[in-house]
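[1] Build the 3D model from these lines:
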Amino acid sequence: MLKESPDDPFLHFAMAKEHEKEEDWASAVDSYRWIHSNKSDYVGMYYHLAAVMTEIGAPADEIKTVYEEGIKVATDQGDQHSKAELQNAFMNWEMEL
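    Next up is the predicted model:
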């Protein structure tokens, strides 16, 4: 399906989730980063990208930036549900540092 619709962020998201199931963290990050680079308004990606980055031990400043960007995108879109989820995950992540 990606060959037919290579710019569809949902298909990249679905691939990232499949990579996560297989614990192929590098491929999952690559798929999420594609969305981040090409469809940064796809708010659902931020929570999952930050979680996978945490899983692989990415630098804290990079993870923090992902959370902050996601909260801003959700705020700009008026998506209170996603905003609350991101804020909660961000707070929990910070407490674990």
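[2] so what's Ser40 closest to, chain neighbours aside?
    Taking CB to CB, 6 or more residues apart in numbering, and ignoring the residues beside it in sequence, Ser40 has Val73 as its nearest neighbour in space, at 6.8 Å. The C-beta positions use only the backbone N, C-alpha and C, and glycine is treated the same way.
[3] Now do the one you found against Tyr67, distance only.
    For Val73, the distance to Tyr67 under the criterion CB to CB, to the nearest Å works out to 11 Å.
[4] State the mean pLDDT of stretch 61-73.
    If you average the pLDDT over stretch 61-73, you get 98.
[5] Could you give me the buried positions within that stretch?
    Of the residues in stretch 61-73, those with enough neighbours to count as buried (16 or more other CB atoms under 10 Å) are 63, 66-67, 69-71, 73.
[6] Which residues does the strand or helix carrying the residue nearest to Ser40 contact?
    If you go by DSSP states H and E, Val73 is part of helix 60-77. Judged by CB atoms under 8 Å, 6 or more residues apart in numbering, the contacts made with helix 60-77 from elsewhere in the structure are 36, 40-41, 43, 45-47, 49-50, 53-54, 80, 82-83, 86-87, 89-90, 93, 97.
[7] Throw together a ChimeraX command that grabs the buried residues out of those residues.
    In ChimeraX, the members of the contacts of helix 60-77 classed as buried (16+ other CB under 10 Å) are selected with the following command:
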select :36,43,45,46,47,49,50,53,82,83,86,89,90,93
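[8] Among the contacts of helix 60-77, which ones are in helices?
    Counting by DSSP state H, the part of those found in helices is 36, 45-47, 49-50, 53-54, 80, 82-83, 86-87, 89-90, 93.
[9] For the nearest residue to Leu49 once chain neighbours are set aside, pull up the helix or strand it's in.
    Leaving aside its sequence neighbours, Leu49 sits nearest to Tyr32 (CB to CB, 6+ apart; 3.9 Å). Tyr32 is located in helix 25-38, with elements delineated by DSSP H and E.
[10] Kind regards, and thank you for your time.
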